[in-house]
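Quick one, structure for this:
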Amino acid sequence: MLTTRFVTGAPNWIDVGTSDIDGAASFYGGLFGWRFRSAGPEARGYGFFELDGRIVAGGMRTTPEQGPPSWTVYFQTPDAEAAAKASEQARGSVLVRPADVMGQGTTAILADRAGVPFGVRQPQRLGGLTVAGEAGALCWVELYTADVAAAAAYYDAVLGLETSAVAFPGAGTYTCVNPSGEGEESMFGGVVPLADDPVETDAHWLPYFAVDDTDAAVARAGELGGTVRMPPADIEGVGRLARLADPYGARFAVLRPMPREA
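Residues are numbered from 1 along each chain as shown. Next up is the predicted model:
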């Protein structure tokens, strides 16, 4: 699971673009206990979601021209300009060129070969999220794509990510992702073929947030106006998960991880 020991290639930031940032703050506050704090007048509406005073995500209001409400996952890079160039060389694209964000970090929005948007973030004053892998915080990410091999080659070229096949009892083989040379302890996500998934119909990155009780989180999301896209299910060796969407359509998942063996 993801931690705040961020290394090159691992997710180190996440934010939601939404048509109603106040409504989104109310939803995620009711679901996870987050509080939204403006990053200041110079941030043009951008702010931080905090959990017990620790930054768990970012968020801002976006327009229909910028796309539908969605979560964006950012991956750590030592050089955002180099990552943007590598994306183009690997037959991806650059949607937003690298830019300094108030001295906190340099970010860019890229797209892989299938057109899936994601961010890269070169840390400066702010290293990244200040909480991860705990209840109410980001713990896992998944890429849904039509071509797993092409995606693996692209993200290796751009971020230095490695993939490995893991067999889950009764659930076939799952493709896990971790930063090159970091070992299984740094594994943070997976790649899922769209053809094998009963819920997802388009290629995208999906963030997972850890919860103490998946069923309770699903029920609460419904009360707050969210949508259940996949009801709670147990995955042996992983935990109990569900896929949801907030009231504005941004997709995410919740997971009660299986306790690690001592």
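
what about A114, neighbour count?
Counted by other CB atoms under 10 Å, the residues lying close to A114 total 18. Where you see a C-beta, it was placed from the backbone N, CA and C, and this is true even at glycine.

Name the nearest residue to it, sequence neighbours excluded.
Counting by CB to CB, 6 or more residues apart in numbering, A114 lies nearest to A203, which is 4.4 Å off, once chain neighbours are set aside.

Run a quick check on the one you found versus R113, I expect a contact.
No. The pair A203 / R113 is not scored as a contact, 9.6 Å apart, by CB atoms under 8 Å.

Between its first and last residues, what's the separation in stretch 4-24?
24 Å (CA to CA, to the nearest Å).

for that stretch, which positions count as buried?
4, 6-19, 21, 23-24 (16 or more other CB atoms under 10 Å).

and if you look at stretch 154-169?
Across stretch 154-169, burial judged by 16+ other CB under 10 Å covers Y154, Y155, D156, V158, L159, G160, L161, E162, T163.

can you tell me which residues contact A111?
Residues counted as contacts of A111 (CB atoms under 8 Å, 6 or more residues apart in numbering) are S87, G92, S93, V94, L95, P117, F118.

try it again with 7 Å
Shown in contact with A111 (CB atoms under 7 Å, 6 or more residues apart in numbering): G92, S93, L95, P117.

quick one: low-confidence ranges for this protein?
Where the chain drops to pLDDT under 70, the residues are 168-171, 260-262.

follow-up on the earlier one: which of the contacts of A111 has the most neighbours?
With neighbours taken as other CB under 10 Å, the top of the contacts of A111 is G92, carrying 22 neighbours.

about what we covered before: now, which of the buried residues of stretch 4-24 lie within helices?
By the criterion of DSSP state H, membership of these in helices covers I21, G23, A24.

hang on, the second one packs against D246?
No. In this structure, G23 sits apart from D246 without contact. The criterion is CB atoms under 7 Å, and the distance is 8.6 Å.

Phi, psi for the residue nearest to M258 when sequence neighbours are not counted please.
Excluding its sequence neighbours, the residue lying closest to M258 (CB to CB, 6+ apart) is G239, at 4.3 Å. When read as degrees, to the nearest 10, the backbone of G239 gives phi 150, psi -160.

Contact partners for G239?
L255, R256, P257, M258.

which residues touch the helix or strand harbouring G58?
Here G58 sits within strand 54-61, counting by DSSP states H and E. Here strand 54-61 makes contact (CB under 7 Å, 6+ apart) with 13-19, 21, 24, 34, 36, 45-50, 129-131, 136-137.

Kindly report the same for stretch 214-230.
27, 30-31, 199, 211, 231-232, 240-247, 251, 254, 256.

same thing with stretch 244-255?
Stretch 244-255 has contacts (CB under 7 Å, 6+ apart) with 16, 18-20, 23-24, 27, 68-71, 139-140, 206-211, 214, 217-218, 221, 225-229, 239, 241-243.

Please flag which of these sit within helices.
Those of the contacts of stretch 244-255 mapping onto helices are G23, A24, F27, T214, A217, V218, A221, per DSSP H.

quick one: the last one and L244, what's the gap?
It refers to A221. A221 is 5 Å from L244, where distance means CB to CB, to the nearest Å.

cool, and the fifth one?
Using CB to CB, A217 is found at 8 Å from L244.

neighbour-wise, which of the two wins?
Neighbour count, other CB under 10 Å: between A217 and L244, A217 has more, with 25 against 21.

Let me see the backbone angles for S186.
Dihedral angles (degrees, to the nearest 10) for S186: phi -100, psi 10.

partner residues bridging the nearest residue to it once chain neighbours are set aside?
Excluding the flanking residues, the one nearest S186 by CB to CB, 6+ apart is N178, at 4.9 Å. Taking DSSP bridges, one obtains E162 as the residues bridged to N178.

Residue numbering should commence at 724 henceforth.
New numbering, starting at 724: the last item is N901.

All the strands of the stretch 724-873 of the chain, in order from the start?
734-741, 758-761, 770-774, 777-784, 793-799, 816-823, 828-834, 840-846, 861-868 (DSSP state E, counting those that start in this stretch).

Cool, thanks, talk later.
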